[in-house]
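Novice: Would you be able to build a 3D model of this:
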Amino acid sequence: MIQIRRSDERGHADHGWLDSYHSFSFADYHDPEHISFGPLRVINEDRVKPGTGFGTHGHRDMEIVSYVLEGALAHKDSMGTGSTIRPGDVQRMSAGRGVTHSEFNSSASEPVHFLQIWIIPSALGTAPGYEQRHFPAAEKRGRLRLIASPDGAQDSVRLQQDARILAGLFDGAEELRMAWNPQRLLYVHVARGVATVNGHALGAGDALQGSDTAELRIAAASGAELLVFDLPAGT
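Specialist: Okay, the predicted model is just below:
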């Protein structure tokens, strides 16, 4: 079964310094029909104005993945990590039994546009952890590049959950067709551009979620950047 979630159906919060769209219930946005999809709990599309950011705050028992589309986001946390993530970078922070962190746009003129993704871990109360990898555009052009997995395969960041995230760039005649395990959940988020996924025309911010799906097809794309989630059912 395939379901389409359009961009304008998402929750929206404009805080002035932060403009955020929520694919799933988050903060003051609550939609009982969209709490989570398998262990995928949050996809927030955030735009952070120059010179602003998220002050120090805490999380626990969540796998938090950040994927930057434009700009640069500075990260600091209670594990002693200090880093900056830019387009092509993937950051994974395991909150585990508790971690505090901040994210800041230190640019004086350029906004930051990024996706913040939360995945419910398979075990609670584990040690916090941090990981960051860069995936060049050439590795995603016309294909799906594994960027997060439970075993760190293909130098992806490691998730504490039986879930995989793949990223791809598609344009023009580029197409992809691949078998999908129908016992796994499929979730496709269009970060930007347009593409036809399993016969459905999708634009930026749109998503496709599927169960009992035997194939993934991507075609008719223009400037598309996609995130594809391979998720366990029944979680």
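Novice: residue ranges with poor pLDDT in the protein?
Specialist: 235 (pLDDT under 70).
Novice: what bridges to residue 226?
Specialist: Beta-bridge pairing for residue 226 (DSSP bridges): residue 168, residue 190.
Novice: before we move on, which element is the spatially most central residue of the chain in?
Specialist: By C-alpha atoms, centre = their mean, the mean C-alpha position of the chain lies nearest to residue 117, the distance being 4.3 Å. Element membership for residue 117, per DSSP states H and E: strand 112-119.
Novice: Quick check: the residue nearest to the centre of the chain touching residue 68?
Specialist: No. Counting by C-beta atoms under 8 Å, residue 117 sits too far from residue 68 to count as a contact (11.9 Å). Using the backbone N, CA and C atoms, a C-beta is placed for each residue, glycine as well.
Novice: before we move on, back to that, chain center to the helix or strand following the strand holding residue 117: distance?
Specialist: Following strand 112-119 in sequence order, the next helix or strand is strand 129-134 (DSSP H and E). Centroid separation for strand 129-134 versus its chain: 14 Å, with C-alpha atoms, centre = their mean, to the nearest Å.
Novice: repeat for stretch 77-87
Specialist: On C-alpha atoms, centre = their mean, the centre of stretch 77-87 falls 17 Å from the chain's centre.
Novice: Pull the residues that contact that stretch.
Specialist: Stretch 77-87 is touched from outside by 66, 68-76, 91, 93, 99-102, 114, 128-130, 132, with contacts defined as C-beta atoms under 8 Å, 6 or more residues apart in numbering.
Novice: What are the buried residues along that stretch?
Specialist: Using 16 or more other C-beta atoms under 10 Å as the burial criterion, the residues of stretch 77-87 that qualify are 77, 79, 81, 85, 87.
Novice: and it, C-alpha only, in PDB?
Specialist: Provided in PDB are the C-alpha atoms of stretch 77-87 (Å, rounded to 0.1, in the frame of the first residue of the first chain):
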ATOM      1  CA  ASP A  77      27.600  18.700  22.700                       C
ATOM      2  CA  SER A  78      28.200  17.500  26.300                       C
ATOM      3  CA  MET A  79      30.400  14.700  24.900                       C
ATOM      4  CA  GLY A  80      33.000  17.300  24.000                       C
ATOM      5  CA  THR A  81      32.200  17.300  20.300                       C
ATOM      6  CA  GLY A  82      32.600  20.400  18.300                       C
ATOM      7  CA  SER A  83      32.000  20.300  14.500                       C
ATOM      8  CA  THR A  84      30.500  22.100  11.600                       C
ATOM      9  CA  ILE A  85      28.200  20.200   9.100                       C
ATOM     10  CA  ARG A  86      27.800  21.300   5.500                       C
ATOM     11  CA  PRO A  87      26.100  20.000   2.400                       C
END
